[in-house]
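> Below: sequence and its predicted model.
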Amino acid sequence: MKKYIKGILLFILLFGFDQWTKYAADTCLQGHEAKKVIGDVFVLQYLKNYGAAFGILQNKQIFLVLLTAVILVMILYVFVKTPDSRHYLPIRFFSIMLAAGAVGNMYDRLVHGYVIDFLYAKLIDFPIFNVADCYVVISAIVLAVLIGFVYGEGDLEVYYGRRKN
């Protein structure tokens, strides 16, 4: 039970921070010119994103919400199946981070009809993104590295019901 309470609290904290930053962007940046953070390298610039990453799937909100819901079910399955031991802490932590990012953007799609983006790496002209996007990208990369290089096949058997901890 402690695993679930900690997970829920971490999720609420990450989701809350994402929503707070989007509220701040909406309040302080919408209708204004970009604000330089690091010269012309990194700026804060308000954007309503009606698609997904890199602007793909524009105006496909229902599809994106359904896809997110399916991904959340898979993340929840992994979290529930992951033993509550120190060894699996990284998988639990980054699963929650991934879920918080996915829900953060799904919430925007459901409430606003678009996702609020505001972080812009202007120097490399990288697409404008938000904190939830950072959660998703960082956690997906870390989870891929963990599953591919850190945890062995025996560690992952727990997901297939062959091993109990």
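Perfect, I can see it now.
> In this structure, which residue is most central in space?
For the chain, the residue lying nearest the average C-alpha position, counting by C-alpha atoms, centre = their mean, turns out to be residue 101 (2.1 Å).
> Surely that one touches residue 136?
Yes - using C-beta atoms under 8 Å, residue 101 makes contact with residue 136 at a distance of 3.8 Å. To be clear about C-beta, it is placed using only N, CA and C from the backbone, and glycine gets the same treatment.
> where's the residue nearest to the centre of the chain, which helix or strand?
helix 89-111 (DSSP states H and E).
> Identify, by residue count, the longest strand of the protein.
What stands out as the longest strand in the chain, according to DSSP state E, is strand 42-49.
> Return the set of buried residues in it.
With burial defined by 16 or more other C-beta atoms under 10 Å, the residues of strand 42-49 counted as buried are 43-47, 49.
> contacting residues around it?
Under the criterion C-beta atoms under 8 Å, 6 or more residues apart in numbering, residues 25-26, 29-32, 34-37, 55, 112, 114-123, 128 lie in contact with strand 42-49.
> now the helices for the chain?
Defined through DSSP state H, the helices belonging to the chain, from first to last, are 2-28, 61-81, 89-111, 131-145, 153-156.
> highest average neighbour count across these?
Using mean count of other C-beta atoms under 10 Å, the stretch among these with the greatest mean number of neighbours is helix 89-111 (a mean of 21).
> and it with helix 131-145, angle?
If you take axes from the mean of the first three to the mean of the last three C-alpha atoms, to 10 degrees, helix 89-111 sits at 150 degrees to helix 131-145.
> Please work out the average pLDDT along helix 89-111.
Mean pLDDT, taken over the full extent of helix 89-111, equals 94.
> list the contacts for the closest residue to residue 61 other than its chain neighbours?
Take residue 61 and drop its neighbours on the chain: the residue closest to it by C-beta to C-beta, 6 or more residues apart in numbering is residue 109, 5.0 Å away. Contacts here follow C-beta under 8 Å, 6+ apart; on that basis residue 109 touches 61, 64-65, 115.
> Equivalent analysis for residue 105, please.
So, once contact is read as C-beta under 8 Å, 6+ apart, residue 105 ends up touching 68, 115, 130, 132-133, 136.
> No further questions, thank you.
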